[in-house]
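Student: using only what follows, build the 3D model:
(2 chains)
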Amino acid sequence: MDKTWNNRAWFMVLPVLALVAFNAIIPLMTVVNYSVQETFGDNVFFFEGVIWFQQVLNSDRFHAALGRQLTFTFTILAIEIPLGVAIALAMPRRGFWVSVCLVLMALPLLIPWNVVGAIWNIFSLPDIGLLGRVLNSFTHYNYTREPGDAWFTLILMDVWHWTSLVVLLAYAGLQSIPDAFYQAAKIDGASPWAVFRYIQLPKMKRVLIIAVLLRFMDSFMIYTEPAVLTGGGPGNATTLLSIDLVKIALGQFDLGPAAAMSIIYFLIVLLLSWIFYTVMMRGEGQQ
Amino acid sequence: MRRLGWLIPALYILFLMVPIYWLLNMSFKTTNEILGGFTLWPRNFTLASYREILTNPVWYNGYINSIIYVTVNTLISVAAALPAAYAFSRYRFLGDKHLFFWLLTNRMAPPAVFALPFFQLYSAIGLFDTHIAVALAHCLFNIPLAVWILEGFMSGVPKEVDETAYIDGYSFPRFFVKIFMPLIASGIGVAAFFCFMFSWVELLLAKTLTSVEAKPIAAIMTRTASASGYELGLLAAAGALTIVPGAVVIYFVRNYIAKGFALGRV
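Tutor: Numbers count the residues shown, from 1 in each chain, chains lettered A, B, ... in the order given. Predicted coordinates for the structure are as follows:
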């Protein structure tokens, strides 16, 4: 759509700008402020320059948490995106069952995140949880002791929680394909793979980019669910970036390093999201 | 192969339902039965946990607090996002693309980064432990999302509609309320649904900004879990009750939910 140039449109954006700026800029400046200062209490601050940034960027603890975060994010993306697409392809296109599927699948998305953690905490308990009990009859399983089991439970929980988002997005993309496309493919004698590759996948491209973007951002920021499920343990095995950050900021009250880490963390999310966003907008421009 | 296709969604839904079934199962058991052994369904069916939650003000006030701040947040977010989304979908103006991306960056800000500064900010302006504080704080990620969704739906309405209305002598506010808003009613519904959803499920900021008066149900659950030992039955019943508002809201938007998750951009 061709838009008119009108700078008075700024007035319509003003309420949003005021609300978001109040919530974003003031806290962000507080974080920046802390990140360059040292305090020994009593509200006395000393300017320290970039020392905290150097300290965080060189610390093994940060590298380890970042490594775990990247492992987690790319594992769940590698599982949830193909799984979500496969389920969306197999879903009925019309009729009574569509609503049933959509409502039931959306349910995990509306459960408060700490309740999601609590559900999986109870469900996986090795002695009285259903999952823990079933797994223990085949193999030894204890997610509070074994790092491997903790990771398995964490990833299974995230797949349970968020795959529906990918399904719903992919399904919305599939619904927008006119029947004529399928009829044409049938006349041409196209194989199911060709239909997927040349009709369905291109139509889903835009929504899939949104899905990857949302899943990337949210999994990179995940805090509540793993905090309730494992609390970052056993040891530091599942201490993702945000859990580590809260441990430093609210647990040890090291404001300087925590603030520096916040800024580095935010910049990483921003940079990677910007890359996704640019790719997405380029895709829209071509159409 | 084709005929067995229904198995994939069916198995997936089964996988989604099993942990919820386990939660409900636990909520109907007595604490003794939960800790005493492994049973697939409650042997001594009891509603004691639910009775405790619905009669004890500490518990049910948590639900009321959550519903108040979620509702206030949804109203603020959608009301502020409507004109902004209109501006983004209809006009070009100085710095519009930068502004739009900056709004989205706030959706990318990890709440863990903002927890402590938010606490200090809202304490300083005297709003700590009020519903409005949480409602305002959640605007950080809900307003960008609402703008994004509404902009998608509004761009689907042809511009000729606006022009015709102006020729017919409608003023802008009257056109917006009488003609434009009914046209994007499903978009408004979807945006409200998403604001409700993300405000309802968020805990870190809601917990940081409240202590007694406005404490959300989710935070009461974590505190009770540690304070009174490990009352799994009570915890399970409280968790099961937090699913109800979400399920009710999904039912109302079920026909638009897929399009909504695609942010109106299909």
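
Student: give the contact list for the residue of chain A most remote from its centre.
Tutor: No residue in chain A sits farther from the centre than A:Ile187, which is 41.5 Å out by CA atoms, centre = their mean. With contacts defined as CB atoms under 8 Å, 6 or more residues apart in numbering or on different chains, A:Ile187 has no neighbours. Glycine gets a C-beta too; all of them are placed from N, C-alpha and C.

Student: now do the helix or strand encompassing A:Arg282: which elements does it pack against?
Tutor: A:Arg282 is part of helix A:255-286 when elements are defined by DSSP states H and E. Packing contacts for helix A:255-286, counted by 3 or more CB pairs under 8 Å, 6 or more residues apart in numbering or on different chains; DSSP states H and E, involve helix A:10-35, strand A:37-39, helix A:51-58, helix A:60-90, helix A:201-220, helix A:241-246, helix B:96-107, helix B:111-124.

Student: out of the ones you listed, flag the one nearest B:Val161.
Tutor: helix A:10-35 (17.5 Å; CB to CB).

Student: any low-confidence regions in the chain?
Tutor: Using chain A here. Applying pLDDT under 70 to chain A flags residues A:1-2, A:39-46, A:48, A:253, A:280-281, A:283-287.

Student: my bad, the chain I had in mind was chain B
Tutor: B:1-3, B:223-230, B:258-266.

Student: hey, which helix is longest across it?
Tutor: helix B:57-90 (DSSP state H).

Student: note down every partner strand of the following helix or strand past it and its orientation.
Tutor: Next along the chain after helix B:57-90, taking DSSP H and E as the criterion, comes strand B:91-92. Sheet pairing for strand B:91-92, assigned by DSSP bridges, gives strand A:4-5 (parallel).

Student: got the contact list for the strand it pairs with?
Tutor: For strand A:4-5, using CB under 8 Å, 6+ apart, the contacting residues are B:Arg90, B:Tyr91, B:Arg92, B:Phe93.

Student: swap in 6 Å and give it another go.
Tutor: Here strand A:4-5 makes contact (CB atoms under 6 Å, 6 or more residues apart in numbering or on different chains) with B:Tyr91, B:Arg92.

Student: can you list the residues of the stretch 101-250 of chain A near chain B?
Tutor: Within the stretch 101-250 of chain A, the positions lying close to chain B (CB under 6 Å from any CB of the partner chain) are A:101-104, A:106, A:108, A:110-115, A:118-119, A:123, A:128, A:130, A:133, A:168-169, A:171-172, A:176, A:207, A:217, A:221, A:223-224, A:242, A:245-246, A:249.

Student: chain neighbours aside, what residue packs nearest to B:Ile13?
Tutor: A:Leu104 (5.1 Å; CB to CB, 6 or more residues apart in numbering or on different chains).

Student: between the longest helix of chain B and helix A:10-35, how big is the angle?
Tutor: 120 degrees (axes from the mean of the first three to the mean of the last three CA atoms, to 10 degrees).

Student: near chain A, which residues of the stretch 101-250 of chain B?
Tutor: B:105-106, B:108, B:110, B:112-114, B:116-118, B:121, B:139-140, B:143, B:197, B:201, B:203-204, B:218, B:239, B:242-243, B:246, B:250.

Student: okay, buried residues for stretch B:53-67 please.
Tutor: For stretch B:53-67, a neighbour-count test (16 or more other CB atoms under 10 Å in any protein chain shown) marks B:Ile53, B:Trp59, B:Tyr60, B:Asn61, B:Gly62, B:Tyr63, B:Asn65, B:Ser66, B:Ile67 as buried.

Student: show me the contacts for the fourth one.
Tutor: Contacts for B:Asn61 were tallied using CB under 6 Å, 6+ apart; there are none.

Student: quick one, helices of the stretch 101-250 of chain A?
Tutor: A:113-124, A:130-138, A:147-175, A:179-187, A:192-195, A:201-220, A:224-229, A:241-246 (DSSP state H, counting those that start in this stretch).

Student: so which of those is nearest B:Val147?
Tutor: Short answer: helix A:201-220, nearest of the helices of the stretch 101-250 of chain A by CB to CB, at 15.0 Å.

Student: follow-up on the earlier one: from A:Ala180, how far off is the residue farthest from the centre of chain A?
Tutor: According to CB to CB, to the nearest Å, A:Ile187 and A:Ala180 sit 10 Å apart.

Student: same deal with B:Ile184?
Tutor: Relative to A:Ala180, and taking CB to CB, B:Ile184 is found at 28 Å.

Student: more neighbours: those two, which one.
Tutor: Between B:Ile184 and A:Ala180, B:Ile184 has the larger neighbour count (other CB atoms under 10 Å in any protein chain shown), namely 22 against 8.

Student: my read is that the more buried one contacts B:Phe153, right?
Tutor: Yes. B:Ile184 lies in contact with B:Phe153 (CB atoms under 6 Å); the separation is 4.8 Å.

Student: residue of the stretch 51-200 of chain A nearest chain B, please.
Tutor: Chain B sits closest to A:Leu110 of the stretch 51-200 of chain A, with a gap of 2.7 Å, by CB to the nearest CB.

Student: please name the residues that touch that residue.
Tutor: B:Met197, B:Gly246.

Student: also B:Val157?
Tutor: Per CB under 6 Å, 6+ apart, neighbours of B:Val157: B:Leu183.

Student: which of the three states applies to it?
Tutor: Classification of B:Val157 using DSSP: H, G, I helix; E, B strand; the rest coil returns coil.

Student: tell me the spacing between it and A:Gln175.
Tutor: Taking CB to CB, one finds B:Val157 at 20 Å from A:Gln175.

Student: next one: A:Leu229
Tutor: From A:Leu229 to A:Gln175 the distance is 34 Å (CB to CB).

Student: those two: which has the busier surroundings?
Tutor: Neighbours were counted for A:Leu229 and for A:Gln175 using other CB under 10 Å; A:Leu229 has more, 25 against 17.

Student: could you find the closest non-adjacent residue to that one?
Tutor: A:Gly117 (4.6 Å).

Student: just checking, that neighbour touches A:Thr230?
Tutor: No. When contacts are counted by CB under 6 Å, A:Gly117 is not listed as touching A:Thr230 (8.7 Å).

Student: buried stuff in the helix holding A:Arg282?
Tutor: Going by 16+ other CB under 10 Å, helix A:255-286 has these buried residues: A:255-266, A:268-270, A:272-273, A:276-277, A:280.

Student: B:Leu203 touches A:Tyr223, doesn't it?
Tutor: No. At 8.7 Å, B:Leu203 does not count as touching A:Tyr223 under the criterion of CB under 6 Å.

Student: looking at the two, which has the bigger crowd around it?
Tutor: The neighbour comparison of B:Leu203 against A:Tyr223 (other CB under 10 Å) goes to B:Leu203, with 26 against 21.

Student: now the more buried one: phi and psi?
Tutor: Backbone torsions of B:Leu203, given as degrees, to the nearest 10, read phi -130, psi -40.

Student: contacting residues around it?
Tutor: Here B:Leu203 is in contact with A:Trp113, A:Asn114, A:Thr224, B:Ala218 (criterion: CB under 6 Å, 6+ apart).

Student: same check, this time on A:Asn136
Tutor: A:Pro126.

Student: and A:Gly235, how far from chain B?
Tutor: 20 Å (CB to the nearest CB, to the nearest Å).

Student: now stretch B:152-159: buried residues?
Tutor: B:Gly152, B:Phe153, B:Met154, B:Ser155, B:Val157.

Student: quick one: which of those residues is nearest chain A?
Tutor: Once CB to the nearest CB is applied, the member of those that ends up nearest chain A is B:Ser155, at 6.2 Å.

Student: surely that closest one meets B:Phe88?
Tutor: No. With contact defined as CB under 6 Å, B:Ser155 and B:Phe88 do not form a contacting pair (8.8 Å).
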